[in-house]
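1. give me coordinates for this.
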Amino acid sequence: MNWTQGELDALRRAYAAGTLRVSYDGRSVDYGSAADLLSRIRTIEREMAAATPAQPPVAGLAGFRRGDR
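-> Model (predicted):
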């Protein structure tokens with residue numbers, strides 16, 4: 001499913017506020033428990049992370065020089 005950052009933000013705000021009703025884009029959803037809400041948040045985070053291409057690691061070379069030259 002295509003989630004938006006706005007939906008995820010709304011879920012996080014509801015969880016932080018301790019409420020089980022989440023409203024966004026003119027819709028409301030009632031969750032049965034805080035655990036259900038947190039589970040939905042984690043699911044969306046995983047799906048969004050999987051859809052985002054991973055950044056290649058940045059590697060560099062260290063240089064060393066003696067102080068007497």
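2. run through the neighbouring helices and strands of the lengthiest helix in the chain.
-> Under DSSP state H, the helix in the chain containing the largest number of residues is helix 34-51. Judged by 3 or more C-beta pairs under 8 Å, 6 or more residues apart in numbering; DSSP states H and E, helix 34-51 is in contact with helix 5-17. The C-beta positions use only the backbone N, C-alpha and C, and glycine is treated the same way.
3. what average pLDDT does the helix it packs on get?
-> Regarding helix 5-17, the rounded mean pLDDT is 94.
4. put the alpha carbons of that helix into PDB.
-> Extracted as PDB, the C-alpha positions of helix 5-17 are listed here (Å, rounded to 0.1, in the frame of the first residue of the first chain):
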ATOM      1  CA  GLN A   5       4.400  10.800   5.400                       C
ATOM      2  CA  GLY A   6       1.300  12.700   6.500                       C
ATOM      3  CA  GLU A   7      -0.500   9.500   7.500                       C
ATOM      4  CA  LEU A   8       2.500   8.300   9.400                       C
ATOM      5  CA  ASP A   9       2.800  11.700  11.200                       C
ATOM      6  CA  ALA A  10      -0.800  11.600  12.200                       C
ATOM      7  CA  LEU A  11      -0.400   8.100  13.600                       C
ATOM      8  CA  ARG A  12       2.700   9.200  15.600                       C
ATOM      9  CA  ARG A  13       0.900  12.200  16.900                       C
ATOM     10  CA  ALA A  14      -2.000  10.100  18.100                       C
ATOM     11  CA  TYR A  15       0.300   7.600  19.800                       C
ATOM     12  CA  ALA A  16       2.200  10.300  21.500                       C
ATOM     13  CA  ALA A  17      -1.000  12.000  22.700                       C
END
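5. ok so, going back, the longest helix of the chain to helix 5-17, inter-axis angle?
-> 150 degrees (axes from the mean of the first three to the mean of the last three C-alpha atoms, to 10 degrees).
6. give me the contacts around helix 34-51.
-> 1, 3, 5, 7-8, 11-12, 14-15, 18, 20, 22, 31 (C-beta atoms under 8 Å, 6 or more residues apart in numbering).
7. show me what counts as buried in it.
-> 37, 40-41, 44 (16 or more other C-beta atoms under 10 Å).
8. most centrally placed residue in the protein?
-> The residue lying closest to the centre of the chain (C-alpha atoms, centre = their mean) is residue 45, at 4.2 Å.
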